[in-house]
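# dropping the sequence and predicted coords here.
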Amino acid sequence: MGGAGGFRYCFRSGPRRPQPTTIQEIIVSTAATSPLKFQASPCLPRNCTFDPHDWQVLSQYWYPVAFGTDVAVDKPFAAVLLDEELVLFRSGDGVVAARDVCPHRGAPLSLGWVEGGNLVCPYHGLQYGADGRCKHIPSQGEGKIPDRLRLLTYPTREAYGLIWVSLGGGHEALPDFPAWSEAGYQQILPPSIDINASAGRQTEGFIDVAHFAWIHHDSFADRANPVVPQYTVTRKPRGFVAEYSSTVSNFPKTLQHRAPEGFVWRRRFEVDAPFFARLQVQFPEGGLLHILNAASPVSARKTRLFVPIVRNFDQHMPLQDVYDFNLQVFEEDRAIVERQRPEDLPIDRGAEAPILADRSSGAYRVAMADIGLGA
């Protein structure tokens with residue numbers, strides 16, 4: 001986030017680098033809506049837990065902060081992204097995201113309500129429209145509304161059943177998940193999972209294939225089958241693709257009789273830095289499962305995980321079975337990732353001791369460095 005207005009320091013605990021003061025106004029066009037004007041955040045959030053440089057890098061990307069069903073037409077929804085407290089509300093055909101503070105007297109707008117597409121502050125009843133500007137001040141009738149009564153708003157997108165927000169203007173591409181809209185696939189949205197760990201640690205754990213036999217022994221893998229076959233990693237801009245084949249089943253333990261003896265399971269990971277990974281798994285009889293691991297960084301030490309899933313098989317099965325299995329797998333991961341040290345993912349590969357099976361995690365750390373993290 002650049003600007004021509006010089007620099008200042010935002011008051012925070014610990015050392016901080018100079019931050020731009022100028023607020024960039026950015027025009028973002030969203031599908032089915034007219035162009036709206038957004039503002040990039042002028043400084044780090046209060047009590048920011050990220051390195052200032054890393055926060056500026058991370059703020060440029062899109063992250064899911066809520067399910068589409070979380071944001072009702074009459075009630076705002078509170079969320080936190082990169083330590084920034086947000087309020088989401090529906091206005092017209094779109095969702096608006098803004099800093100969760102009324103510029104009048106600092107009240108949290110998420111405690112208010114939505115009336116006629118305007119967000120109503122619970123403290124003095126001020127109303128704010130989709131453009132962030134105050135539309136009505138009840139206490140002064142038809143008097144002039146000060147220009148300073150304007151919310152700091154951020155671009156939003158609604159995709160894959162989720163509400164996505166970018167704090168830095170929305171210039172980067174939204175993570176792609178093409179299988180979500182393909183014919184013949186069942187769309188599944190398991191509940192989100194809160195993890196007391198960094199988004200980088202969670203994402204690296206998702207793409208790690210050597211931990212299956214140990215962490216997921218109870219859910220789907222087997223400690224008697226720990227060897228990771230050779231697999232390929234192909235670099236691409238901002239990430240990589242890893243093709244991995246093995247005899248490790250992807251069925252829950254109770255359903256593994258459905259796979260033929262010696263069936264080769266093919267998994268394809270496609271990763272986009274900073275915190276997104278798509279997994280395609282080939283099941284018996286032409287079955288395909290696609291998972292989007294979307295780790296949303298609430299703070300440097302807390303992640304909210306969203307996992308949209310599609311499949312072209314077992315569509316008659318209860319969705320609760322999918323939710324339960326998904327939760328079991330990620331709870332197994334959480335037991336480890338919340339205890340990893342250091343808490344931040346080391347970008348420098350020399351900080352830890354890689355092994356042969358770590359091709360994916362090594363490529364992931366390179367991709368994180370390539371986008372400017374850890375500089």
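Yep, it's here. Numbering: from 1, shown residues only.
# show me how the chain divides into domains.
Using automatic domain parsing, the domain parsing of the chain gives 7-165, 178-370.
# where does pLDDT dip in the protein?
Residues of the chain meeting the criterion pLDDT under 70: 1-42, 214, 220-221, 349, 355.
# now name the helix or strand holding Arg266.
Following DSSP states H and E, one finds Arg266 within strand 265-272.
# OK, contacts around Ala97?
65, 86-88, 153-156, 163, 165 (CB atoms under 8 Å, 6 or more residues apart in numbering). Every C-beta, even on glycine, is put in place using the N, C-alpha and C of the backbone.
# and what of Trp62?
Counted by CB under 8 Å, 6+ apart, Trp62 has contacts 157, 164-166, 170, 172-175.
# of all the residues you listed, which two lie farthest apart?
Taking CB to CB as the measure, these span a maximum distance of 14.7 Å, between Val165 and Ala173.
# give me the more crowded residue out of the two.
Val165 (24 against 10; other CB atoms under 10 Å).
# excluding its backbone neighbours, what's nearest that one?
Closest residue in space to Val165, ignoring its immediate chain neighbours: Ala97 at 4.7 Å, by CB to CB, 6 or more residues apart in numbering.
# next: Ala369.
Closest to Ala369 by CB to CB, 6+ apart is Ile347, at 5.0 Å.
# how about the secondary structure of the one you found?
coil (DSSP: H, G, I helix; E, B strand; the rest coil).
# and stretch 128-138, how far from the chain's centre?
Put simply, stretch 128-138 sits 29 Å off its chain's centre (CA atoms, centre = their mean, to the nearest Å).
# no, scratch that, I was asking about stretch 162-169
Worked out by CA atoms, centre = their mean, stretch 162-169 lies 9 Å from the chain centre.
# cool, stretch 186-200 as well?
On CA atoms, centre = their mean, the centre of stretch 186-200 falls 9 Å from that of its chain.
# how far does that stretch stretch from start to finish?
One end of stretch 186-200 to the other measures 29 Å (CA to CA, to the nearest Å).
# can you pull the buried residues of that stretch?
By neighbour count on 16 or more other CB atoms under 10 Å, the buried set for stretch 186-200 is 188-190, 192-193, 195, 197-200.
# spatially central residue for the protein, please.
Ser296 (3.0 Å; CA atoms, centre = their mean).
# that one is in what secondary structure piece?
Per DSSP H and E: strand 288-299 holds Ser296.
# that strand packs against which elements?
strand 63-67, strand 77-81, helix 199-207, strand 276-282, strand 302-306, strand 309-311 (3 or more CB pairs under 8 Å, 6 or more residues apart in numbering; DSSP states H and E).
# just want the angle from it to strand 265-272.
Angle, strand 288-299 to strand 265-272, by axes from the mean of the first three to the mean of the last three CA atoms, to 10 degrees: 40 degrees.
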